[in-house]
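[1] Whatever this is, show me its structure:
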Amino acid sequence: MKAWLERIVQVALLRAGPQDLPGGSAPLIAALLMWWLLVAPMLLLAPEPLPFFDALLTFSIQLALIHLVLLVNRRPQRFAQSAQALFGTGALIGLLNLPLWLAPGPPIPAPLVLLALTGLCWSLAVDGHVWRHSLELPYAGGLAVAVLVFLLQIVTLQAIGLGA
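    Below you'll find the model as predicted:
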């Protein structure tokens, strides 16, 4: 487990790719659980707690989009490693934004806004890195896929009335 976590950190630092993660369902489940452990404080402790259904839907949309992008690009066999990388690094980077999610309502202090922007930019950079390796694209192509997936998540959540 320690070696796997170290590898997730390496992916988040752009020093490894999803292909460096183990295949199989156990590591994928570990990454998904890591993501849920990050979401749990939002469900329980946030000033305006996130409803469980909203978190479950966000989770499902992310999984579906990963599968869809890989399927469209004829690389469905990379699902376990790509999802591990995206959810595992997402959870690590999300730790950065935990103070923002747990902060009392507006106005949000400037340092927390800066933290949120840093987290978003780093998350997109890491996701672009993962997609680059998963789809065998140049970094700019991976970054474009990351931004597109991010926008699709937002649009989907807003279309069903859950987005801000």
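[2] Mind giving me the packing neighbours of the host helix or strand of residue 4?
    Residue 4 is located in helix 2-12, with elements delineated by DSSP states H and E. Applying 3 or more Cβ pairs under 8 Å, 6 or more residues apart in numbering; DSSP states H and E, one finds that helix 2-12 makes contact with helix 25-44, helix 79-102, helix 110-135. Just so you know, the C-beta spots here come from the backbone N, C-alpha and C atoms, and that holds for glycine as well.
[3] which other helices and strands contact the strand or helix carrying residue 152?
    Element membership for residue 152 (DSSP H and E) is helix 139-159. For helix 139-159, the packing partners by 3+ Cβ pairs under 8 Å, 6+ apart come out as helix 52-72, helix 110-135.
[4] what inclination does the last one have with respect to helix 79-102?
    By that I understand helix 110-135. If you take axes from the mean of the first three to the mean of the last three Cα atoms, to 10 degrees, helix 110-135 sits at 170 degrees to helix 79-102.
[5] and if you look at the first one?
    Comparing the axes of helix 52-72 and helix 79-102 via the same axes, to 10 degrees yields an angle of 150 degrees.
[6] List the buried residues in helix 52-72.
    Neighbour counts using 16 or more other Cβ atoms under 10 Å place 54, 55, 58, 61, 62, 65, 66, 69, 70 of helix 52-72 among the buried residues.
[7] Hmm, residue 87 is touching residue 34, no?
    Yes: the criterion here is Cβ atoms under 8 Å, and residue 87 meets it with residue 34 at 6.9 Å.
[8] higher neighbour count, the two?
    Between residue 87 and residue 34, counted using other Cβ atoms under 10 Å, the more crowded position is residue 87 (25 against 19).
[9] Now the most far-flung residue of the chain relative to its centre, what are its backbone angles?
    Here the chain reaches farthest from its C-alpha mean at residue 107, the gap being 26.1 Å by Cα atoms, centre = their mean. The phi/psi pair for residue 107 (degrees, to the nearest 10) reads phi -80, psi 140.
[10] what bits of the chain have low per-residue confidence?
    46-47, 49, 162-164 (pLDDT under 70).
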